[in-house]
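Visitor: need a structure here:
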Amino acid sequence: MPAYDFICLDCQNRFDVFMTYAEYGARPVACPACGSKSTRRRIPRVRVAKSDDSRMESLAGDFSDPSALEGLENDPQALGRVMRKMGNELGEEMPPEYNEVVDRLEKGQSPEEIEKELPDLGGGEMGDDG
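Guide: Numbering: from 1, shown residues only. Okay, here's the model as predicted:
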């Protein structure tokens with residue numbers, strides 16, 4: 001039985017639903033988090049196989065001009081776009097925490113605000129001296 005990706009338009013929860021091909025489109029889908037029937041199917045990303053070299057070349061081309069990175073510390077949305085592009089170019093599934101941070105940056109939330117709201121994010125990992 002295939003799994004279909006959905007998003008709740010009320011609470012923004014992302015979830016999977018298993019249903020037969022016959023059920024798809026005929027069976028109503030409710031959000032498991034809030035119960036809303038205001039949901040939409042998410043079409044997953046298509047993966048294109050790239051070599052490590054071609055991914056790095058693509059990133060290098062985007063950032064070969066140092067001015068491309070100027071002002072990122074003052075523009076959370078631009079920083080979010082850069083992080084999204086870098087994550088996509090890595091060719092690996094990024095952890096949900098990474099996507100949460102990038103989503104917040106793209107909405108204009110500052111890194112400092114994100115750090116205050118998600119204090120345990122990355123705790124005990126690289127760069128943690130405590």
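Visitor: Pretty sure residue 5 sits in a strand.
Guide: Yes: counting by DSSP: H, G, I helix; E, B strand; the rest coil, residue 5 is part of a strand.
Visitor: Buried residues in stretch 31-45, which are they?
Guide: Going by neighbour count (16 or more other Cβ atoms under 10 Å), the buried part of stretch 31-45 is 31, 39. Where C-beta positions appear, they are placed from N, C-alpha and C, glycine not excepted.
Visitor: After the top helix by length along the chain, which helix or strand is next?
Guide: Secondary structure of the chain read by DSSP state H shows that its longest helix is helix 76-90. Next helix or strand after helix 76-90 toward the C-terminus (DSSP states H and E): helix 96-106.
Visitor: for that following helix, packing partners?
Guide: Contact here means 3 or more Cβ pairs under 8 Å, 6 or more residues apart in numbering; DSSP states H and E; on that basis helix 96-106 packs against helix 76-90, helix 111-117.
Visitor: And the contacts of the first one?
Guide: This means helix 76-90. Residues outside helix 76-90 that contact it (Cβ atoms under 8 Å, 6 or more residues apart in numbering): 55, 58-59, 62, 69, 71-73, 94, 98-99, 101-111.
Visitor: Check stretch 1-15 too.
Guide: 16-21, 24, 29, 31-34, 36, 38-44.
Visitor: Distance from it to the middle of the chain?
Guide: Distance of stretch 1-15 from its chain centroid, counting by Cα atoms, centre = their mean, to the nearest Å, is 14 Å.
Visitor: Please save the CA atoms from it in PDB.
Guide: Extracted in PDB, the C-alpha atoms of stretch 1-15 (Å, rounded to 0.1, in the frame of the first residue of the first chain):
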ATOM      1  CA  MET A   1       0.000   0.000   0.000                       C
ATOM      2  CA  PRO A   2       1.600   3.400  -1.000                       C
ATOM      3  CA  ALA A   3       2.300   6.100   1.500                       C
ATOM      4  CA  TYR A   4       1.200   9.600   0.500                       C
ATOM      5  CA  ASP A   5       2.700  12.800   2.000                       C
ATOM      6  CA  PHE A   6       0.200  15.400   3.300                       C
ATOM      7  CA  ILE A   7       0.400  18.800   5.100                       C
ATOM      8  CA  CYS A   8      -2.300  20.200   7.300                       C
ATOM      9  CA  LEU A   9      -3.300  23.700   6.100                       C
ATOM     10  CA  ASP A  10      -4.400  24.600   9.600                       C
ATOM     11  CA  CYS A  11      -1.400  23.500  11.900                       C
ATOM     12  CA  GLN A  12       1.200  22.900   9.200                       C
ATOM     13  CA  ASN A  13       1.800  19.400  10.400                       C
ATOM     14  CA  ARG A  14       3.400  17.100   7.800                       C
ATOM     15  CA  PHE A  15       2.300  13.500   7.800                       C
END
